[in-house]
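**Student:** structural data only, the sequence is not supplied:
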């Protein structure tokens, strides 16, 4: 397994009406930030926003403009009428990487059949990877399990590295 390039930076964004209103603590965003730190990233966030396309597009674009390597979102990927993270993400992405999102869904499916209901996207905007993960702590753990081995190579590639 390759090593994460030096200075790798990530941003975590949580999409949740209730967490943004202070109804409950954002446990999935914190778990995601902790997991990225354990992988070697310097992490900003979690930035908690309501399930609102404009609010999410704003924070996603700011992260990409800041030149971070990876943006991971948690929440807002389901079938609820308020789940709009994929719609916001699609407005920011330049190139989709559907295999990543499919791998996350596939990883969770044997133990949590409803994981296939996630509409999360993955792709790039500039030199930043953006991946939507479910809002549950289990979905975040599954996402980190899939992404952990991939992120060093992805970050290297987005920084212009050669294929290995």
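**Tutor:** That came in fine, so what should we check first? Every value quoted in this text rests on a predicted model; they were computed, and no experiment measured them.

**Student:** what about the strands in the chain?
**Tutor:** Using DSSP state E, the strands found in the chain span residues 9-15, 42-49, 70-74, 95-96, 122-125, 128-133.

**Student:** make TSV from these and add mean neighbour count, distance to residue 162 and mean pLDDT to it.
**Tutor:** To be clear about C-beta, it is placed using only N, CA and C from the backbone, and glycine gets the same treatment. TSV is the format used below for these (neighbours: other CB atoms under 10 Å; distance: least, CB to CB, whole Å; pLDDT from 0 to 100):
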stretch	mean neighbour count	distance to residue 162	mean pLDDT
strand 9-15	26	22	98
strand 42-49	20	24	98
strand 70-74	30	20	98
strand 95-96	11	19	98
strand 122-125	20	18	98
strand 128-133	26	18	98
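
**Student:** and the helix ranked longest in the chain, which residues are buried?
**Tutor:** Using DSSP state H, we find that the single longest helix of the chain is helix 137-158. Buried residues in helix 137-158, counted by 16 or more other CB atoms under 10 Å: 139-144, 146-147, 150-156, 158.

**Student:** from the residues you listed, which is closest to residue 95?
**Tutor:** residue 158 (10.7 Å; CB to CB).

**Student:** does residue 115 touch residue 136 like I think?
**Tutor:** No. Counting by CB atoms under 8 Å, residue 115 sits too far from residue 136 to count as a contact (9.1 Å).

**Student:** what residue ranges in this structure score low on pLDDT?
**Tutor:** When residues are selected by pLDDT under 70, those of the chain lie in 1, 163-164.

**Student:** can you do 80?
**Tutor:** By pLDDT under 80, the low-scoring segments of the chain are 1-2, 162-164.

**Student:** gap between the residue positioned nearest the centre of it and residue 113?
**Tutor:** Centroid-nearest residue in the chain: residue 72, 2.0 Å away (criterion: CA atoms, centre = their mean). From residue 72 across to residue 113, the span is 23 Å (CB to CB, to the nearest Å).
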